[in-house]
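Novice: I would like the atomic coordinates for the input below:
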Amino acid sequence: MNDDHLTQHKTTDRAKRLINGREALCWLLISGLCFRSLIAYWLPPGFDEAYYFLYTRHLDWSYFDHPVAVALSTGFGIWLTGLVSPFTIRLSALGLFTASLWILYETGRWLFGDHAGWWSCLIASLSPLFLLTFGTLTAPDNTLIFFWSSALYLSAREFFPNQRPQQKPSPYTPTRKLTAIGVILGLCCLSKYHGFVLGLSLACFCLSSQEHRVALMSKWLGLSITFFGFCLLPILYWNTQNDWISFQFQLSARFQKSSAGYSFLQCLVVFATGVGFLFPTLGLPLWWVSLKAFWKQLARKTNQADAQKTFTPPPSRRVQFILWCGLPIAAGFTLLGGLTHTYPAWPAPGLWTLTLLLGRAAAQWPRKAVHRWLKSTGLIVGTLLIFALLHINLGLLQKPGQYAILGGIISPQEDPSTALIDARQLRVQFETSEVFQDAITDTDFVLTHEFWLSGYVAMALPHQKDNPNKPVVSSFTQDPRGHAVWFDPQQWLGKSALFISIADFSQPEIVSEIEPYFQSVTPLTTLTTKRGRAITETFYIYQADTLIQRYPFPY
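Specialist: Numbers count the residues shown, from 1 in each chain. Here you go, the predicted structure:
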């Protein structure tokens, strides 16, 4: 009877801890959502975000450089509200990241316990790389990390049906969850091609784990592969209609400018940059814990081979699962940086996965030390991001500037933050310029000389519902990306355009590149955007009369 009371007491106590943990998690998610919403509202759109806005104007089964999911996630807020703004194009990112954090918490809790799940979620919430790339800016990574996290959670439930890692596992039997995992991996691939690597990583884990190899011979795996292939049909269909241009770009064109040899110094720079974006107090411990766990796995495998052992303790197998899902992407793209240019977002899904190992380690460290570590990190990260946001909007360090601190230290021309174009301010300039309004009324199409600049111009033009006859916006450039698929310049022969450029480029050189394709190109007007009453960007508007020959897109 006493044993029954003791068991009941332990169960009740664990339930209370779980409820308290869920309440703390809800507060963390809500506060993080509010903080990211502030950034999403005030931060001007980035180059890629402006370009992805064009996806929403040209809905298709897939796109030149990414699958279809980013068009849907970027367009969600626009279609919901009917407004085009930095906040509306990021609305889906805000919601998806909140859900991804919850799923990460549940995955960590299932694999390593309640505390590990909580610390993993908190660490992921604090990292600038994650909260900006996955949770604020509209990008393919928004849907990718949601489906990636969902695939991790379902795989954890499938391969480790016992929630408590201390329990001795029962023999693994494949279930119908494998089918759901195949569907979600397919949705990962519809977000970004990283999903293929996650699928391969899961297969490698099953191969490396004796008790899980049975999954590779299961009938559920056959269904999983079938549904996975079905999810890929939009990508495959679109590419068959466009000479497989997306795969050519991702597997070949991106790396044509690779260096002649491998540079270990450049790889070190890429690693340091990644740690910086993660934030050093998070990035360095994350890599340390991950590589330490990897080394222990190698040592254990060697010892088992020597002793002819076949059983691996449950916690070790769970660590092995996380390493297989996270390390190939994280380490692979970091090492690739020594060969060609990479972006911090490329290894980010792997680092996100490895956060579960850092959360597991933090659950074993002294709680007061962990609290001090993460509180100080959160305070510094939050302060830096708010200061950066204020500078981007007000020019706190700009010289000259109305809001400059101590007179400012950097001119607008030398400040890289001014490269972000304020689409809302540009829209006001378009609407208040009589010359521009008269010209846009009579023009057939609008051109720029950069694929991303066309996105900014399209965001600044009146919304399609307000102006159904608004001309389309395209780009005459040898790096047109999706413009080469969306438009055929042949259809514009004999028609006139507005050509828009910015002061960042030499105007005579830019104009000379498009003049051969028109009867005449003449200056029309200039418009400016400002920050702190200082001009940060100048837009040159040209009248391009009568297209006389088709522009040769490179694809």
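Novice: show me where the chain dips below the pLDDT cut-off.
Specialist: Regions of the chain meeting the criterion pLDDT under 70 cover residues 1-20, 163-169, 252-260, 303-315, 463-469.
Novice: most centrally placed residue in this structure?
Specialist: Geometric centre of the chain, nearest residue: D141, 2.8 Å, by Cα atoms, centre = their mean.
Novice: so that residue touches G195, yeah?
Specialist: No - with contact taken as Cβ atoms under 8 Å, D141 and G195 are classed as non-touching, separated by 11.7 Å. Just so you know, the C-beta spots here come from the backbone N, C-alpha and C atoms, and that holds for glycine as well.
Novice: measure the residue nearest to A93 when sequence neighbours are not counted to G135 for me?
Specialist: Using Cβ to Cβ, 6 or more residues apart in numbering and skipping the chain neighbours, the partner closest in space to A93 is N142 (4.3 Å). The span separating N142 from G135 equals 8 Å under the rule Cβ to Cβ, to the nearest Å.
Novice: what is in contact with the two at once?
Specialist: For the pair N142 and G135, residues contacting each of them under the criterion Cβ atoms under 8 Å, 6 or more residues apart in numbering are A93, L96, F97.
Novice: isn't the second one up against L144?
Specialist: Right, the one you point to is L96. No - in terms of Cβ under 8 Å, L96 does not count as a neighbour of L144; the distance is 9.5 Å.
Novice: between the two, which is the more surrounded one?
Specialist: It is L144, of L96 and L144, that has more neighbours when counted by other Cβ atoms under 10 Å, with 32 against 23.
Novice: mind checking the SS state of that one?
Specialist: State at L144, reduced to three classes by DSSP: H, G, I helix; E, B strand; the rest coil: helix.
Novice: for the nearest residue to it once chain neighbours are set aside, what are its contacts?
Specialist: Computed as Cβ to Cβ, 6+ apart, the closest residue to L144 that is not its neighbour in sequence is S191, at 3.9 Å. With Cβ under 8 Å, 6+ apart as the criterion, the residues that contact S191 are P67, A69, V70, P140, D141, N142, T143, L144, F147.
Novice: so how far is P347 from S191?
Specialist: Counting by Cβ to Cβ, the gap from S191 to P347 is 16 Å.
Novice: can you show me the CA trace of stretch 72-88 as CSV?
Specialist: Only the C-alpha atoms of stretch 72-88 are listed here, as CSV (Å, rounded to 0.1, in the frame of the first residue of the first chain):
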residue,chain,number,x,y,z
LEU,A,72,2.9,30.1,-50.1
SER,A,73,4.5,31.1,-46.8
THR,A,74,5.4,34.6,-48.1
GLY,A,75,2.0,35.1,-49.6
PHE,A,76,0.1,33.9,-46.6
GLY,A,77,0.1,37.2,-44.7
ILE,A,78,-0.6,39.2,-47.9
TRP,A,79,-3.6,37.1,-48.9
LEU,A,80,-4.9,37.1,-45.3
THR,A,81,-4.7,40.9,-44.8
GLY,A,82,-4.7,42.2,-48.4
LEU,A,83,-1.7,44.4,-47.5
VAL,A,84,1.9,44.3,-48.8
SER,A,85,4.4,45.2,-46.1
PRO,A,86,7.5,43.8,-44.4
PHE,A,87,5.3,42.5,-41.6
THR,A,88,2.7,40.7,-43.8
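Novice: and the contacts of it?
Specialist: Taking contacts as Cβ under 8 Å, 6+ apart, the residues outside stretch 72-88 that touch it are 37, 40-45, 49, 52-53, 55-56, 59, 89-93, 96, 138, 142-143, 423-424, 459, 463, 465.
Novice: separate out the buried members of those residues.
Specialist: Buried positions within the contacts of stretch 72-88, assessed by neighbour count (16 or more other Cβ atoms under 10 Å), are 40, 43-45, 49, 52-53, 55-56, 89-93, 96, 138, 142-143, 423, 459.
Novice: does F553 touch H483 like I think?
Specialist: Yes - under the criterion of Cβ under 8 Å, F553 lies in contact with H483, with a separation of 7.3 Å.
Novice: quick one: the helices in the stretch 151-300 of the chain, in order.
Specialist: Across the stretch 151-300 of the chain, reading from the start of the chain, the helices by DSSP state H, counting those that start in this stretch fall at 177-191, 194-208, 219-231, 233-241, 245-251, 264-278, 280-307.
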